[in-house]
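Student: next one to model:
(3 chains)
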Amino acid sequence: MSWTDDRVETLKKMWGEGQSASQIAKELGGVTRNAVIGKVHRLGLSNRAATGAPAPAGKPDAKPKPEVAAETKPKAAAKPKATTPEPEPEVEVEAAPRPVLPMRKQIIPAGQPLPPQPSANEISPEALAKVSEIEKKAKKIGLMELTERTCKWPVGDPATDDFWFCGLPVQQGKPYCEAHVGVAFQPMSARRDRRR
DNA sequence: CCCTGATTCGC
DNA sequence: GCGAATCAGG
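Tutor: Numbers count the residues shown, from 1 in each chain, chains lettered A, B, ... in the order given. Predicted coordinates for the structure are as follows:
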């Protein structure tokens, strides 16, 4: 596959919409996310919400090429300092490059108008709602189907045959899917007035 | 372990 | 220019 004009167009569009490289790659087909990322860089439209590697950490090998970060200097300010020919030190204070909207994933499934908001304590109603919702689409797997990466959240009464495990993809590391992690790991505090 | 993007470098 | 391999972070 080659980067035809309209493929590049799709790439630009999706990248602009905040789609991840892998999503774009899947959409385009015939390319990997690496290819997409590589292309994105070559096209110059890289920075977005940099995740993971904002700082070029020292690689175990590679020439320390003096990278010139010719960034746009939005012009700090006109210093009234006139009688001081002092060489101004490098002003590398981040120049907040966020003139654009933080839009990220504009395509919302249309169900939850707002993202869950970490309220004070309690088992956030949002979390519970989320759970009851995902339980609908839970895979309802049996004990035998549990693996290291299936949500092990039990549902129902083990004494009845109406018992199953969520089975959805776990949240990295945890034993539960995202929704269940939400109710499983409480911020603690709900009722800490033990002294009463 | 899953994901993300960033970078390098042989092709 | 391309993108796999690798790196680095969540």
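Student: when you work out contacts or count neighbours from here on, use the C-alpha atoms and nothing else.
Tutor: Will do.
Student: where in chain A is pLDDT low?
Tutor: A:47-124, A:126, A:173, A:186-196 (pLDDT under 70).
Student: what about the strands in chain A?
Tutor: Counting by DSSP state E, one finds strands in chain A at the ranges A:154-156, A:163-165.
Student: what's the nearest residue in chain A when you look at DNA strand B?
Tutor: Using Cα to the nearest atom of the strand, residue A:20 is the residue of chain A that sits closest to DNA strand B, at 2.9 Å.
Student: neighbours around that residue, how many?
Tutor: 16 (other Cα atoms under 10 Å).
Student: for the one 10 residues further on, same thing?
Tutor: Residues lying near residue A:30 (other Cα under 10 Å) number 10.
Student: hmm, it is touching residue A:1, no?
Tutor: Yes. Contact criterion Cα atoms under 8 Å: residue A:30 and residue A:1 qualify, at 5.9 Å.
Student: among the strands of chain A, which is the most enclosed?
Tutor: strand A:163-165 (a mean of 20; mean count of other Cα atoms under 10 Å).
Student: now do the helices in chain A.
Tutor: Assigned by DSSP state H, chain A shows helices spanning A:5-16, A:21-28, A:33-43, A:125-137, A:178-184.
Student: residue A:164: which of those helices is closest?
Tutor: Nearest to residue A:164 among those is helix A:125-137; the distance by Cα to Cα comes to 10.2 Å.
Student: run through the neighbouring helices and strands of that closest one.
Tutor: helix A:178-184 (3 or more Cα pairs under 8 Å, 6 or more residues apart in numbering; DSSP states H and E).
Student: helices or strands next to the helix it packs on in the packing?
Tutor: Using 3+ Cα pairs under 8 Å, 6+ apart: helix A:178-184 touches helix A:125-137.
Student: tell me who's in contact with residue A:31.
Tutor: Counting by Cα atoms under 8 Å, 6 or more residues apart in numbering, residue A:31 makes contact with A:1, A:25.
Student: save the strands of chain A as a markdown table, and put in distance to residue A:182 too.
Tutor: Output for the strands of chain A, formatted as a markdown table (distance: least, Cα to Cα, whole Å):
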| stretch | distance to residue A:182 |
| --- | --- |
| strand A:154-156 | 14 |
| strand A:163-165 | 16 |
